[in-house]
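>>> my questions are about this predicted structure, shown below with the sequence.
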Amino acid sequence: MTADERAALAEGMWRATDLLGAYLAEDRTQVRAGLDGLDSDQLAHTLAWQARDHDWLFDDLGEPSMSVPLLDTVAALAPVDCEFMMTTAVRKGVAAGTGLASSGLGDFPTAAQIHALTVCMAVMLLEAHGRQGALEFVAASADNYVRHGHPRPYPTP
């Protein structure tokens with residue numbers, strides 16, 4: 001892996017983590033700004049990292065209940081252009097009992113896919129750990145990235 005590829009992956013990792021943290025903190029401004037200005041390559045790396053983390057979290061926590069009221073509450077933080085697409089896909093996957101696998105999510109724009117995965121992860125963490133525990137989970141992930149030599153590659157707001 002080249003230095004440029006490592007840098008792109010690290011940025012995707014941080015963008016995905018910061019977006020999850022914004023959802024958990026119920027910071028609508030940061031949620032909506034989380035992917036602003038990213039080009040298609042940056043979005044692709046963020047999606048790849050978020051998909052990896054989503055799958056790992058799903059495996060770690062088991063099959064979550066994904067309560068619809070909590071799902072709707074978290075999804076309401078999403079940018080308006082993503083919210084309807086995303087909640088439709090997530091509800092379709094939950095109703096079918098397949099999660100996002102057969103929800104049609106892959107047909108949506110990359111940003112909507114990232115937001116959908118992030119909403120699902122936020123709901124899973126909230127159900128498993130509560131708000132404080134979920135926020136601590138994200139903080140521990142960020143600390144781990146820094147400890148392993150991957151500092152945030154952009155300034156925090």
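Yep, it's here. Residues are numbered from 1 along each chain as shown.
>>> so how far is stretch 49-58 off the chain centroid?
8 Å (C-alpha atoms, centre = their mean, to the nearest Å).
>>> distance of the residue nearest the centre of the chain relative to residue 38?
Nearest to the centroid of the C-alpha atoms of the chain, with distances taken as C-alpha atoms, centre = their mean, sits residue 118, at 2.3 Å. Per C-beta to C-beta, to the nearest Å, residue 118 is found 14 Å from residue 38. (C-beta placed from N, C-alpha, C; glycine too.)
>>> I'd say residue 50 and residue 14 touch.
No. Using C-beta atoms under 8 Å as the test, residue 50 is too far from residue 14 to be in contact (11.4 Å).
>>> more crowded one of the two?
Taking neighbours as other C-beta atoms under 10 Å, residue 50 and residue 14 compare with residue 50 leading, 25 against 21.
>>> before we move on, which element is the residue nearest to the centre of the chain in?
helix 110-147 (DSSP states H and E).
>>> and that helix, what does it pack against?
Under the contact definition 3 or more C-beta pairs under 8 Å, 6 or more residues apart in numbering; DSSP states H and E, helix 110-147 sits against helix 3-24, helix 40-61, helix 68-75, helix 80-96.
>>> for those, give me JSON lines that also has mean pLDDT.
Formatted as JSON lines, the helices and strands packed on helix 110-147 follow (pLDDT from 0 to 100):
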{"stretch": "helix 3-24", "mean pLDDT": "93"}
{"stretch": "helix 40-61", "mean pLDDT": "91"}
{"stretch": "helix 68-75", "mean pLDDT": "85"}
{"stretch": "helix 80-96", "mean pLDDT": "73"}
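>>> between these, which one is closest to residue 113.
Nearest to residue 113 among these is helix 40-61; the distance by C-beta to C-beta comes to 5.6 Å.
>>> list the buried residues of the closest one.
42-43, 45-50, 53-54, 57-58 (16 or more other C-beta atoms under 10 Å).
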